[in-house]
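Peer 1: Build me a structure from this.
(2 chains)
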Amino acid sequence: MTESQIQIKLGPLGWLRWTWRQLTSMTTALWLLLLLGLAAIPGSILPQRSASLIRVNDFKENNPRLFEIYDQLGLFDVFSSFWFTAIYILLMISLAGCIVPRIKVHTKNLFEPIQTAPENLESQLAYKTFEANLSLTEIDKIAKKAGWRTKLNQADDSLTIEKGYSRETGNLLFHIAILFLTIAVGFSALLNYRGTILLIEENSFANTLTQYDDFRGGSFFNVESMPEFSFRLDNFEVEFERGPNQTGSPREFIADLTVTEETSSYQKTVIVNNPLVIDGTKAFLTGHGYAPEIRVYDDRDKLVFDNAVPFLPQDASFSSSGVVKIPDTTAQLGLLGLFLPTGVLDPELGPISVFPDLDNPLIFFSAWTGDLGMDTGIAQNVYRLETDGLTQIGLAQLAVGDRWELENGYAVEFVAVKRFASFQISYDPGRTWAFLASILAMVGLMYGLFVTRRRIWMRVILESNSQSKIEIAGFTKQSEEQLNRDIKSLINKVKARE
Amino acid sequence: MEIGNLSNLFVYATILILLLALITYSVALGGGEKAPKNENIGTAFSWLAFAVLFVAVVLRGISSQRVPWGNMYEFAITSSLAILGSFLFISLKKEIKYLGVFVILPTVLLLGLAVTVLYTEAGPLVPALRSGWLVVHVAAAIISYGAFSVNFALSTIILLRGRLIFSRIPKSERLDELAYRTALFAFPIWTFSVIAGAIWAENAWGRYWGWDPKETWALITWLIYAAYLHARATRGWSGKKSAAIAVTAYASIVFNFFGVNLWITGLHSYAGV
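Peer 2: Below you'll find the predicted structure:
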């Protein structure tokens, strides 16, 4: 029969069965594991929207053509792309299809009586004979006491004992736990939320949607269910290494908070690795930076702007960039700033920061006038100033306390420097389940890999009044050393009883 | 002399001793009457190197007053110790001295890179790393890397067999079996390391899994080794095919250490070079 003839004979049901068998075969599982690993690689090399939107946008600016193609393929959202999802769902189906029949077989094995000994023990593993003056019934009792499942066969004077069922139990537990872990992670993504905030010293945050700088909630997340609390950043302390070794490395970040819940108010210190926890919602300290206090006066010396402006750090020495926008004046004014905590003017590199702490804070400002485009109603990035169409009206270097008179009569004052801390606030009801599943997977794995399933047979071959000669042998697919140890220990137990 | 400098001196001494071990092992690999004797000398050198490196690692820990795996340099020297340790431990129970060249060569390379490219003076930890989980999570990774390295050496000779014939190397089935057992030992420890890392990430960053490049590559490594363990149980996949999977898995470990730390930016980039 040729192949095409076989194909004709397979009906739709046959094809389904054939596909199912292919999908649940070990070889397929193996390929799917490798394929999933391969599919994850672009997600680690290309910037991902879920991790850093800024870096995705940078990529877009630098390679606009390539960006289009990559984006079509979902390469900036690899872990939620249809192809990545397809592979792991196929893997999970293959896994389920593989373990369900195995669960059936295993439960059957657990409750069915053991098979009796084969006729020829000599051809089996670890064959030997020993003399004993105990009957097989008595040996049966000894084995039972040692935790073996036994089957005594009076008909041919043989005894079968078995151990190590927990290997398959562990194996199945591991695979079921992995399945649950995947489901828990999936549910997490539907029910959780994660947001970031940037808080300047002496400012407060209240846990409502509008106060977040960036917020991502799962599809089933209910905004109403967010717990009510607020906290104020009383003080933020940072310490950097000043010694010759690893100069400028961070040594200490400490955020002192006053937390207010519905009825109570208390102090709490948050450091990295030690978050604030309220009702399952956690606030983590994830970053920090500087917020220079800037004042702007108009041409009649009226104060039109007075704020601490967060500047985003650009490098390890905290050279930071920020923007001040003053739209509500006759001539709209924009300031593009470079803040340097320890500023020096390098003859080659220009203005740079040489240390992350506030040893010599300097701001380099360029001032721009024109239409800032803030009246158009289009949301603007507060950290960016589009200078196209604007006119530059001055450049200046300011230290703390300096006042800079602009040519249009305006004045800019650098009053002081505050610090800001960034927090990630997250809530994830699935994490307990994911944790439990991974613990079960770990336990299952240990049993599944390290328990040896083994079977030992004994048969009396020569019987006299006091002594009988017994042959013993066994079988295992795993550790023969374990089998040998068991046989030895069993014989020792029998001899000890005599 | 400062303790940190003393530690460096011991690392340099280790490299020297390992080079001697490498030479004797290489000579032995050629076969001949003296081969067993040379293998024994190589192993003696390896033990000596292990002892000296152990002292170096301990001194490094003392001089920085914490566990000696807080940056890439320390991770590299402690991993080298784990690789040597795994190899020597197995050699106590099994005849694997023929593996010498294939274990010592990567170790020397790693230590060489450690003292040249990765070197950092001993110092306190950055705040992000100050956690009890650093001890557990990274220690587990180091131990499993040690065993995976022996698995890699074995898998490499399984692949090279037929192309290069060394009289000292036993049958493929025995190599295969031994390689499988090293992976059996390392895989659960690696699994544990990934789980511990997830718990730490949950405590430090507010999410247990965020597809950070380091996390992604840890999972890739896990998936490939899972495939390897399955391959061993699949008909027609043992021997060279599964050895190829094991070598790929090890490549992902190497990339996770060098590629992800030095080339890709992510949350684990604080490792300090």
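
Peer 1: Next to chain A, which bits of the stretch 151-273 of chain B? Give me the list.
Peer 2: Those residues of the stretch 151-273 of chain B that sit near chain A, judged by Cβ under 8 Å from any Cβ of the partner chain, are B:184, B:187-188, B:191-192, B:195, B:198-199, B:202-213, B:216-217, B:219-220, B:223-224, B:226-227, B:230-231, B:233-234, B:237, B:245, B:252, B:260, B:264-266, B:272. Where you see a C-beta, it was placed from the backbone N, CA and C, and this is true even at glycine.

Peer 1: Filter these down to the buried ones.
Peer 2: Using 16 or more other Cβ atoms under 10 Å in any protein chain shown as the burial test, these include B:184, B:187-188, B:191-192, B:195, B:198-199, B:202-213, B:216-217, B:219-220, B:223-224, B:226-227, B:230-231, B:234, B:237, B:245, B:252, B:260, B:264, B:266, B:272 as buried.

Peer 1: list the buried ones in stretch B:106-123?
Peer 2: For stretch B:106-123, the neighbour count (16+ other Cβ under 10 Å) marks B:106-108, B:110-111, B:113-115, B:118-123 as buried.

Peer 1: What of stretch A:476-487?
Peer 2: If you call a residue buried by 16+ other Cβ under 10 Å, then stretch A:476-487 has these buried ones: A:Thr476, A:Gln478, A:Ser479, A:Gln482, A:Leu483, A:Asp486, A:Ile487.

Peer 1: now the helices for the stretch 1-150 of chain B?
Peer 2: B:3-29, B:35-64, B:72-93, B:100-116, B:132-133, B:139-160 (DSSP state H, counting those that start in this stretch).

Peer 1: okay if I get those as JSON lines plus distance to A:Thr387 and mean pLDDT?
Peer 2: Converted to JSON lines, these look like this (distance: least, Cβ to Cβ, whole Å; pLDDT from 0 to 100):
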{"stretch": "helix B:3-29", "distance to A:Thr387": "50", "mean pLDDT": "93"}
{"stretch": "helix B:35-64", "distance to A:Thr387": "48", "mean pLDDT": "94"}
{"stretch": "helix B:72-93", "distance to A:Thr387": "41", "mean pLDDT": "96"}
{"stretch": "helix B:100-116", "distance to A:Thr387": "45", "mean pLDDT": "95"}
{"stretch": "helix B:132-133", "distance to A:Thr387": "46", "mean pLDDT": "88"}
{"stretch": "helix B:139-160", "distance to A:Thr387": "48", "mean pLDDT": "95"}
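
Peer 1: Please work out which of those helices is packed deepest.
Peer 2: The highest mean neighbour count among the helices of the stretch 1-150 of chain B, using mean count of other Cβ atoms under 10 Å in any protein chain shown, belongs to helix B:139-160: a mean of 24.

Peer 1: Give me the neighbour count for A:Tyr383.
Peer 2: Number of residues near A:Tyr383 (other Cβ atoms under 10 Å in any protein chain shown) recorded here: 13.

Peer 1: where does it land in three-state SS?
Peer 2: Taking DSSP: H, G, I helix; E, B strand; the rest coil as the rule, one finds A:Tyr383 in the coil state.

Peer 1: Tell me where chain A is predicted with low confidence.
Peer 2: In the predicted model of chain A, residues A:1-10, A:328-330, A:373-381 satisfy pLDDT under 70.
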